[in-house]
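1. No sequence on hand, only this structure:
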């Protein structure tokens, strides 16, 4: 069974630009969560989607948004990029009702 | 407010010995705990989990212990192998206000180095 896939793996953007990251969950997993990992803050929860609906959101500004499609694939978008948005963005999927989340390899975003 | 803490940034052990990684939490509403292993440039890999109704769960070389009264959990790796060298994260889930869907709260991680 294929794992969680994320594209692209690496991105370099400049301040003020926007970026879209993509995530394909494990087949059969309908819940997709996004996390940001930085050296200073560790792994922090961004949001969770299930059946195309955002069910939970972490403490991030509105510049961070996401969506989920009918095939459970998810995208997250960051608008008006800031230097502090440089991070590893991780996507995870899980079966409904199961806490174990399985992570993709992440997208390394660098904002210059 | 860091609700899940791993107070040891690093741990070094000899191959074949036991590795003990510790994690403390402050929110008594957490009811499920997980351990992940992470290599550089990869996403975290799920290792083992434990529900708050248990105090021990074992899977091969990995055992997780939960002490609810102390709000403490630990991961034991026996015997340790050089391939176990990685960053280990503990994570917790449970109702913490609002909704809890999909949210894992992670500790800061412990770098484990197993020397041959």
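-> Now that the structure is in, tell me what you want to look at. Keep in mind it's a predicted model, so treat the numbers as computed, not measured.
2. residue closest to the middle of chain B?
-> A centroid search over chain B (C-alpha atoms, centre = their mean) returns residue B:90, at 3.1 Å, as the residue closest to the centre.
3. Name the SS class of that one, please.
-> Classification of residue B:90 by DSSP: H, G, I helix; E, B strand; the rest coil places it in strand.
4. wait, it sits on residue B:72?
-> No: using C-beta atoms under 8 Å, residue B:90 is not in contact with residue B:72, being 10.3 Å away. Where you see a C-beta, it was placed from the backbone N, CA and C, and this is true even at glycine.
5. if I pick the residue in chain B that chain A sits nearest to, what's in contact with it?
-> Chain A sits closest to residue B:102 of chain B, with a gap of 2.7 Å, by C-beta to the nearest C-beta. By C-beta atoms under 8 Å, 6 or more residues apart in numbering or on different chains, the residues touching residue B:102 are A:31-33, A:45, A:47-50, A:55-56, A:94, A:101.
6. any chance of those residues in a markdown table, plus secondary structure, distance to chain B and neighbour count?
-> As requested, those are exported to a markdown table (DSSP: H, G, I helix; E, B strand; the rest coil; distance: C-beta to the nearest C-beta, whole Å; neighbours: other C-beta atoms under 10 Å in any protein chain shown):
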| residue | secondary structure | distance to chain B | neighbour count |
| --- | --- | --- | --- |
| A:31 | strand | 6 | 24 |
| A:32 | strand | 8 | 29 |
| A:33 | strand | 4 | 28 |
| A:45 | strand | 5 | 20 |
| A:47 | strand | 8 | 24 |
| A:48 | strand | 3 | 27 |
| A:49 | strand | 8 | 28 |
| A:50 | strand | 7 | 19 |
| A:55 | strand | 4 | 16 |
| A:56 | strand | 4 | 18 |
| A:94 | strand | 8 | 23 |
| A:101 | coil | 6 | 28 |
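7. a markdown table please, covering those residues and showing pLDDT.
-> What follows is the contacts of residue B:102, written out as a markdown table (pLDDT from 0 to 100):
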| residue | pLDDT |
| --- | --- |
| A:31 | 94 |
| A:32 | 96 |
| A:33 | 96 |
| A:45 | 95 |
| A:47 | 94 |
| A:48 | 94 |
| A:49 | 95 |
| A:50 | 93 |
| A:55 | 91 |
| A:56 | 91 |
| A:94 | 93 |
| A:101 | 94 |
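8. sorry, back to before: for my notes, confirm the residue of chain B closest to chain A occurs in a strand.
-> No: the assignment for residue B:102 by three-state DSSP gives coil, which leaves it out of any strand.
9. Spatially nearest residue to it (excluding sequence neighbours)?
-> residue A:48 (2.7 Å; C-beta to C-beta, 6 or more residues apart in numbering or on different chains).
10. partner residues bridging the one you found?
-> When assigned by DSSP bridges, residue A:48 has beta-bridge partners residue A:33, residue A:56.
11. Isn't it up against residue A:33?
-> Yes: if you go by C-beta under 8 Å, residue A:48 and residue A:33 touch, sitting 4.4 Å apart.
12. shared neighbours of those two, anything?
-> B:102-103.
13. show me what contacts residue 10?
-> Looking at chain A here, since you left the chain open. Residue A:10 makes contact with A:107-108, A:110 under the criterion C-beta under 8 Å, 6+ apart.
14. That was the other one, I meant chain B.
-> Going by C-beta under 8 Å, 6+ apart, residue B:10 touches B:110-113.
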